[in-house]
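Asks: I would like the atomic coordinates for the input below:
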Amino acid sequence: MERQPTSEPMPTPTTTPMATPMVTPMATPTTTTTTTPVATEMITVNLSKRMGRKHTILDLRGERIVMGASGVYGVLGANGSGKSTWMRIMAGAMVATTGGVEFVTDAVPAVPTSSTSSVSVGYLPEDSFVVPELSVLEFLEFCAKLRRPDHVLTPATPATPLHEARRVMELCGLASYSETLCGKLSKGYRKRVGIAAALLYSPSVIILDEPSSDVDVSFRIFLHEIIRLMGCSSIVVVSSHLLDDMVELCDTVFILDGGRLAETVNLRVGGGVSSPLRGVQARDYLSGVYESVLRKSVGSGLASMFGGSVS
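Replies: Down below sits the predicted model:
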């Protein structure tokens with residue numbers, strides 16, 4: 001009798017479980033937010049600007065002009081007196097021949113620096129620049145991206161460039177022109193766009209070169225309110241040839257003549273809290289000082305022309 005083969009059960013394969021890979025959680029990146037120091041003083045020291053070898057267009061050598069932590073300062077002078085040159089140097093848009101502008105900030109230690117990149121500076125040039133092919137909103141958003149300080153982009157204050165562009169548009173009465181191409185704007189409204197760009201992110205130093213030119217009366221009144229408001233927390237410097245602007249806005253007025261500082265006129269006491277000179281009285285006083293400066297300038301010019309003294 002044949003022996004039947006016995007079928008043995010197949011051994012069950014044993015599977016060794018694969019080791020679970022250890023996943024090390026990635027460290028959450030820490031974003032370092034650098035707070036832009038706030039300028040507490042702006043000091044012009046021994047400043048001059050020469051064009052070519054001999055022609056000096058601004059000569060403040062020997063002068064130390066201090067502009068304090070807050071307030072509105074005026075630069076008054078005739079055409080060619082050096083106003084725009086001084087403003088450009090303050091804004092960092094022009095390099096001085098000698099001396100310069102220093103900023104004292106709230107950083108510790110408070111060491112003066114001549115770099116405008118260390119503080120937030122808003123600048124309106126005399127001739128406002130816009131990109132004609134961009135809409136008002138696109139242009140201001142573009143400017144905000146260029147000027148965006150890191151400390152603004154925190155969870156506590158999520159002021160994106162678009163958000164900030166819309167804010168200054170509302171402030172300057174441009175909300176209804178957001179989609180209008182800058183090239184289609186009138187000269188006055190292009191000036192509004194330039195002022196809005198200068199106010200992006202509320203800089204601690206604001207330089208406005210002839211802000212009241214080419215704007216209508218209603219916006220000029222509104223502009224004065226904006227400048228007064230910014231002057232409560234920022235150093236605001238305004239140049240103008242209009243006495244009314246100086247009287248209505250400024251605590252201190254620097255009168256330039258022939259590129260030199262001719263007079264410093266204080267119109268306020270205690271940062272504008274109390275004023276011995278108001279309204280017509282202040283205008284008459286500043287007008288008298290300015291007229292005296294111009295008379296001296298014209299008299300010395302005639303004297304040099306005719307070789308004698310002119311009274």
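Asks: Can you list the residue ranges for helices in the stretch 1-150 of the chain?
Replies: Using DSSP state H, counting those that start in this stretch, the helices of the stretch 1-150 of the chain run over 83-91, 136-147.
Asks: What lies in contact with the last one?
Replies: It stands for helix 136-147. 120, 130-131, 134, 161-162, 164-166, 168-169, 174, 177-180, 182, 185, 193, 196-197, 200-201 (Cβ atoms under 8 Å, 6 or more residues apart in numbering). Just so you know, the C-beta spots here come from the backbone N, C-alpha and C atoms, and that holds for glycine as well.
Asks: Repeat that for the shortest one.
Replies: Outside of helix 83-91, the residues within contact range by Cβ under 8 Å, 6+ apart are 42, 44, 47, 49, 57-58, 60, 75-77, 94-96, 100-101, 116, 121, 123, 125-126, 205, 207, 209-210, 237, 239, 256, 259.
Asks: picking up where we left off before, just the buried members of the contacts of helix 136-147?
Replies: Listed as buried from these are 120, 130, 134, 161, 164-166, 168-169, 174, 177, 182, 185, 193, 196-197, 200-201; burial here means 16 or more other Cβ atoms under 10 Å.
Asks: Those residues in helices, which ones?
Replies: Of the buried ones among the contacts of helix 136-147, the ones assigned to helices by DSSP state H are 161, 164, 165, 166, 168, 169, 193, 196, 197.
Asks: Select, from those residues, the two members most distant in space.
Replies: Greatest spatial distance among those (Cβ to Cβ): 161 and 193, at 15.4 Å.
Asks: Just the buried ones from the contacts of helix 83-91, in ChimeraX syntax?
Replies: To isolate in ChimeraX the members of the contacts of helix 83-91 that are buried, counting by 16+ other Cβ under 10 Å, one can use:
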select :42,44,47,49,57,58,60,75,76,77,96,100,101,116,121,123,125,205,207,209,210,237,239,256,259
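Asks: what are the bridge partners for the most centrally placed residue in the chain, then?
Replies: Centroid-nearest residue in the chain: residue 122, 1.2 Å away (criterion: Cα atoms, centre = their mean). Per DSSP bridges, the residues bridged to residue 122 are residue 206.
Asks: Pretty sure it sits against residue 196.
Replies: No. Using Cβ atoms under 8 Å, residue 122 is not in contact with residue 196; the gap is 10.0 Å.
Asks: The stretch 151-300 of the chain: strands as residue ranges?
Replies: 153-154, 157-158, 205-209, 235-240, 252-257, 260-266 (DSSP state E, counting those that start in this stretch).
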